[in-house]
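[1] When you get a sec, could you give me coordinates for this:
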Amino acid sequence: GLVLQGGGSLAFNLSFHDFVLKGDVSGDNLSLRGGFRFVPYPFRPKRATVELGWEISEEYRLEVAGEYDFPSDKLIQGRVSLVRSLQGCLRVGVVVSPTEVRFVLEVPAFPGAKIRFSPQDEALKWGD
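    Just a heads-up that it's a prediction; the model follows:
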């Protein structure tokens, strides 16, 4: 789905508040979702986030995610993870970010206990 949020003012001095555009698309073994915060007039990008997930096989999943801040011209956060499913009841993997390398252990019976990518920009976050 695609979502657009924003607002503006039509007073004497035309001005716009930030707009946020979020969307996601998925296929059989590939998923992509992202968000983009910008000022529409004059156009000025502020922040973008993207998350790509790929089911390489029944056992392996690769995820790449990041958040970029345009005013500072910096990657705010990034993450690459590779997870292997063992018998469908246990997942082990490695997560690499610019500041750390983590080894993860997930139990699918407790989905709320796993670590997920979350943008620092609250408006770009997803509900799950």
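[2] quick one: the strands in the chain?
    Per DSSP state E, the chain carries strands over the ranges 2-5, 8-9, 15-16, 19-26, 30-40, 43-55, 60-69, 74-86, 90-96, 101-106.
[3] Between strand 74-86 and the last one, find me the angle.
    So that's strand 101-106. Angle of strand 101-106 versus strand 74-86, following axes from the mean of the first three to the mean of the last three Cα atoms, to 10 degrees, is 40 degrees.
[4] What's the mean pLDDT across strand 101-106?
    The average of the pLDDT scores along strand 101-106 is 84.
[5] Partner strands of that strand, with direction?
    strand 90-96 (antiparallel) (DSSP bridges).
[6] Could you give me the buried positions within the strand it pairs with?
    Neighbour-count burial for strand 90-96, counted by 16 or more other Cβ atoms under 10 Å, picks out 91, 93, 95. The C-beta positions use only the backbone N, C-alpha and C, and glycine is treated the same way.
[7] go on, stretch 59-78?
    Buried residues in stretch 59-78 (16+ other Cβ under 10 Å): 61, 63, 65-69, 76-78.
[8] Now tell me what touches it from outside.
    The contact list for stretch 59-78 (Cβ atoms under 8 Å, 6 or more residues apart in numbering) reads 44-56, 79-86, 97-98, 117, 119-121, 124.
[9] so how far is the first residue of that stretch from its last?
    For stretch 59-78, the separation between the terminal residues is 24 Å (Cα to Cα, to the nearest Å).
[10] Tell me how far that stretch lies from the chain's centre.
    7 Å (Cα atoms, centre = their mean, to the nearest Å).
[11] tell me the mean pLDDT over it?
    The model assigns stretch 59-78 a mean pLDDT of 95.
[12] Out of the buried residues of stretch 59-78, which is nearest to V39?
    D69 (14.1 Å; Cβ to Cβ).
[13] I'd like the distance between that closest one and L30.
    27 Å (Cβ to Cβ, to the nearest Å).
[14] Check Y41 too.
    Going from Y41 to L30 by Cβ to Cβ gives 35 Å.
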